[in-house]
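1. Got a predicted structure here, sequence first:
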Amino acid sequence: MKLEFFSDGTASQFRQRFMFHGLAQLACDYSINLSWNLFATSHSKEVVDDLGSSIKRLVWSAVFGDTTCTSAEDFGRMYRKTENKTNNSY
């Protein structure tokens, strides 16, 4: 089994250091392959940041509704299912 995680950057990774330790231990105990993807953090807020936040919120809403997202492909698929509900015009 492989689990992929996506994070805003290393600052959020540091705040979650205890969770990382626990997940790493579980991964060893149950032979789970973990992958962390850290995005560059930006201090400026631009249009793409707002759009990215909206997309992430839509996908997380689906995840909280008992839909499973275990990879970047799942994330893209889940967004495509919800994108007809968004208006991305500038």
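-> Perfect, I can see it now.
2. same for the helix of greatest length in the chain, what does it pack against?
-> Taking DSSP state H as the criterion, the chain has its longest helix at helix 47-64. Secondary-structure packing of helix 47-64 (3 or more Cβ pairs under 8 Å, 6 or more residues apart in numbering; DSSP states H and E): helix 72-82. Heads up, the C-betas are built off the backbone N, CA and C, glycines and all.
3. What's the first helix or strand after the helix or strand bottoming out on mean pLDDT in the chain?
-> Across the helices and strands of the chain, mean pLDDT, DSSP states H and E gives its lowest value to helix 10-15, namely a mean of 55. Using DSSP states H and E, the helix or strand that follows helix 10-15 in sequence is helix 17-30.
4. Now do the longest helix of the chain, average pLDDT.
-> Throughout helix 47-64, pLDDT has a mean value of 73.
5. buried sites along that helix?
-> Going by neighbour count (16 or more other Cβ atoms under 10 Å), the buried part of helix 47-64 is Ile55, Leu58, Val59, Ala62.
6. ok, now stretch 19-39?
-> Leu23.
7. Restricting to C-alpha, output it in CSV.
-> Output of stretch 19-39 as CSV, limited to C-alpha atoms (Å, rounded to 0.1, in the frame of the first residue of the first chain):
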residue,chain,number,x,y,z
MET,A,19,2.3,13.1,13.7
PHE,A,20,5.1,12.4,11.3
HIS,A,21,6.9,10.3,13.9
GLY,A,22,3.8,8.2,14.6
LEU,A,23,3.0,7.7,10.9
ALA,A,24,6.5,6.7,10.2
GLN,A,25,6.3,4.1,13.0
LEU,A,26,3.0,2.7,11.6
ALA,A,27,4.5,2.6,8.1
CYS,A,28,7.3,0.4,9.4
ASP,A,29,5.0,-1.8,11.4
TYR,A,30,2.6,-2.4,8.5
SER,A,31,4.9,-2.1,5.5
ILE,A,32,3.2,1.0,4.1
ASN,A,33,5.1,3.1,1.6
LEU,A,34,4.7,6.8,2.6
SER,A,35,5.4,9.7,0.3
TRP,A,36,5.4,13.4,1.4
ASN,A,37,5.2,16.1,-1.2
LEU,A,38,6.1,19.6,0.1
PHE,A,39,5.1,22.6,-1.9
